[in-house]
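*Asks:* Build me a model:
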Amino acid sequence: MTEILGVSLTEWIGYAASLFVLLSFLMRNIVTLRSVNIIGCSFFVVYGFLLNSWPVIITNLAIAGVNFYYLFINKRKKPATEA
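*Replies:* Numbering: from 1, shown residues only. Model prediction:
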């Protein structure tokens, strides 16, 4: 596989995934946190496919799904008004 600075492309994708997940935890805004985390999870899914690692793929698809749900699907629901 292609190497950049002596590091394989697969490893670079893994580093990018880790960077985005780490950055997501530094976000104060929950929408930004979830968006950046989805990017990191997407990189991890690609990384998992390159390594043929189903635990990495399944876990990150699930985490991305949860983030997607709270960003887009749950957002449509109106919060209950307090009495």
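*Asks:* list the contacts for the residue nearest in space to the middle of the chain?
*Replies:* Centrality entry for the chain: nearest residue to the mean C-alpha point is residue 41, 2.2 Å, by CA atoms, centre = their mean. By CB atoms under 8 Å, 6 or more residues apart in numbering, the contact list for residue 41 reads 17, 21, 60-61, 63-64, 67. To be clear about C-beta, it is placed using only N, CA and C from the backbone, and glycine gets the same treatment.
*Asks:* Could you export those to JSON lines, including columns for secondary structure?
*Replies:* What follows is the contacts of residue 41, written out as JSON lines (DSSP: H, G, I helix; E, B strand; the rest coil):
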{"residue": "17", "secondary structure": "helix"}
{"residue": "21", "secondary structure": "helix"}
{"residue": "60", "secondary structure": "helix"}
{"residue": "61", "secondary structure": "helix"}
{"residue": "63", "secondary structure": "helix"}
{"residue": "64", "secondary structure": "helix"}
{"residue": "67", "secondary structure": "helix"}
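*Asks:* Now distance to residue 7 and pLDDT too, for those residues, in CSV please.
*Replies:* Output for the contacts of residue 41, formatted as CSV (distance: CB to CB, whole Å; pLDDT from 0 to 100):
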residue, distance to residue 7, pLDDT
17, 14, 95
21, 19, 93
60, 21, 96
61, 25, 97
63, 25, 96
64, 25, 96
67, 28, 94
